[in-house]
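The sequence and its predicted three-dimensional model are supplied below.
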Amino acid sequence: VQLVESGGGLVQAGDSLRLSCATSGRTFSRYVLGWFRQAPGKEREFVATITWSADTTYYGDSVKGRFTISRDNAKNTGYLQMNSLKPEDTAVYYCATASRWPATHTSEYYNWGQGTQVTVSS
């Protein structure tokens, strides 16, 4: 499955953004969906993940309470709603798919998008 992220941009601290992860094919509902981010000079960091049927979500500590992951299997699309953005949220954001739950490590994901840049100014 191919993944394409969109929705990134330059915003101010406190603003919101919604990222989208569009997928090809008709097998999206078979996969766990995850979001990761990578800031310059840092390792790729787990952000959030959601089960196949969207009944369970799990978040990294740094975004818990501010970000919301969701998916629409009918549209083959996943989302990451980001509220109360902070300068430390600045990174390239990636969506990815996995087959097991829970999946919070990059090694558990095998399909990745190209990423979308999110920049939060102070």
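Yep, that arrived. Numbers count the residues shown, from 1 in each chain.

In space, what's closest to residue 24 - neighbours in sequence excluded?
Distances taken as Cβ to Cβ, 6 or more residues apart in numbering put residue 2 closest to residue 24, at 4.4 Å, once the chain neighbours are dropped. Yep, even glycine has a C-beta here, placed from its N, CA and C like the rest.

hmm, I was thinking of residue 116
residue 8 (3.4 Å).

what's the worst-scoring helix or strand of the chain on mean pLDDT packed up against?
Lowest on mean pLDDT, DSSP states H and E among the helices and strands of the chain sits strand 109-112, with a mean of 94. Judged by 3 or more Cβ pairs under 8 Å, 6 or more residues apart in numbering; DSSP states H and E, strand 109-112 is in contact with strand 91-98.

Pull the residues that contact the strand it packs on.
Applying Cβ atoms under 8 Å, 6 or more residues apart in numbering, the set of residues contacting strand 91-98 from outside is 1, 3, 5, 8, 19, 21, 23, 28, 31-39, 42, 44-45, 47, 49, 78, 80, 106, 108-118.

So which residue is dead centre in the chain?
Centroid-nearest residue in the chain, with Cα atoms, centre = their mean: residue 35, separated by 2.5 Å.

buried set for the strand or helix carrying that one?
Secondary-structure assignment from DSSP states H and E places residue 35 in strand 32-38. For strand 32-38, a neighbour-count test (16 or more other Cβ atoms under 10 Å) marks 32-37 as buried.

follow-up on the earlier one: so what's the residue nearest to residue 116 up against?
17, 19, 92-93, 116-119.

Let me know the pLDDT of the nearest residue to residue 92 once chain neighbours are set aside.
Excluding the flanking residues, the one nearest residue 92 by Cβ to Cβ, 6+ apart is residue 115, at 4.2 Å. Looking at residue 115, its pLDDT reads 98.
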